[in-house]
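J.: need a 3D model of the sequence below.
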Amino acid sequence: GDSAYSGKENLKLKNKDNQQIKVVAKLNPSITQGCRKDEDKFDFNKDAGMFVCPAGHLAIRKARQGKKEQGTNQTETYYFDVEKCKTCPFGQGCYKPGAKTKTYSVSIKSDLHKDQMIFQETEYYRSKSKERYKIEAKNSELKNVHGYGRANSYGIQNMEMQGAMAIFTVNMKRILKLI
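T.: Modelled structure (predicted):
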């Protein structure tokens, strides 16, 4: 599926009760690539374990924001010395005059997302994701040609009947085409 199917709830379901379900859906790009603002300006110093601002000032402390297991990823927030920011030549556009703090935050990937990112690099994932276009073409035909995009009647039984009829029609067309 598309990235809509790679939400945390679906990723949790695949690990539930030791099931061997694989989610062949790309993670949202904001998770895999991140959505860092000013990523070209701030650099990470591995030795200090802190970010460095464009002027070369090292963050003075860091804190983890957000709760674990609450559906949203935690963030690591880096705090910079405001006194240095006030006199900084790069302050224009970076530091807002009068602000009491200057921070830079980076989202932390959950274990579920890390596992899915590793899975996305496997040959199994690549081969299965190449078959998606076939399924999408059939879904498109059902929806656009055979009216499966909108319910004709109310109720789950009527929707099931409409689905069965649409799928039966598509299958009959395919059988006749092959004959």
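
J.: contacts only, for Cys94.
T.: Each residue near Cys94 by Cβ atoms under 8 Å, 6 or more residues apart in numbering is listed here: 38, 41, 53-54, 85, 88, 102. Every residue, glycine included, has its C-beta placed from N, CA and C.

J.: any of the residues you listed buried? List them.
T.: Among the contacts of Cys94, those buried by neighbour count (16 or more other Cβ atoms under 10 Å) are 41, 53-54, 85, 88, 102.

J.: packing partners of the strand or helix carrying Ile118?
T.: In this structure, Ile118 is located in helix 111-119 according to DSSP states H and E. Packing partners of helix 111-119 (3 or more Cβ pairs under 8 Å, 6 or more residues apart in numbering; DSSP states H and E): helix 8-15.

J.: 10 Å instead, please
T.: Helices and strands touching helix 111-119, by 3 or more Cβ pairs under 10 Å, 6 or more residues apart in numbering; DSSP states H and E, are helix 8-15, helix 29-32, helix 123-129.

J.: quick check: which of those helices is nearest to Arg150?
T.: helix 8-15 (25.4 Å; Cβ to Cβ).

J.: give me every residue that touches the residue nearest to Lys143 when sequence neighbours are not counted.
T.: Using Cβ to Cβ, 6 or more residues apart in numbering and skipping the chain neighbours, the partner closest in space to Lys143 is Gly149 (3.8 Å). Taking Cβ atoms under 10 Å, 6 or more residues apart in numbering as the criterion, Gly149 is in contact with 139-140, 142-143, 166.
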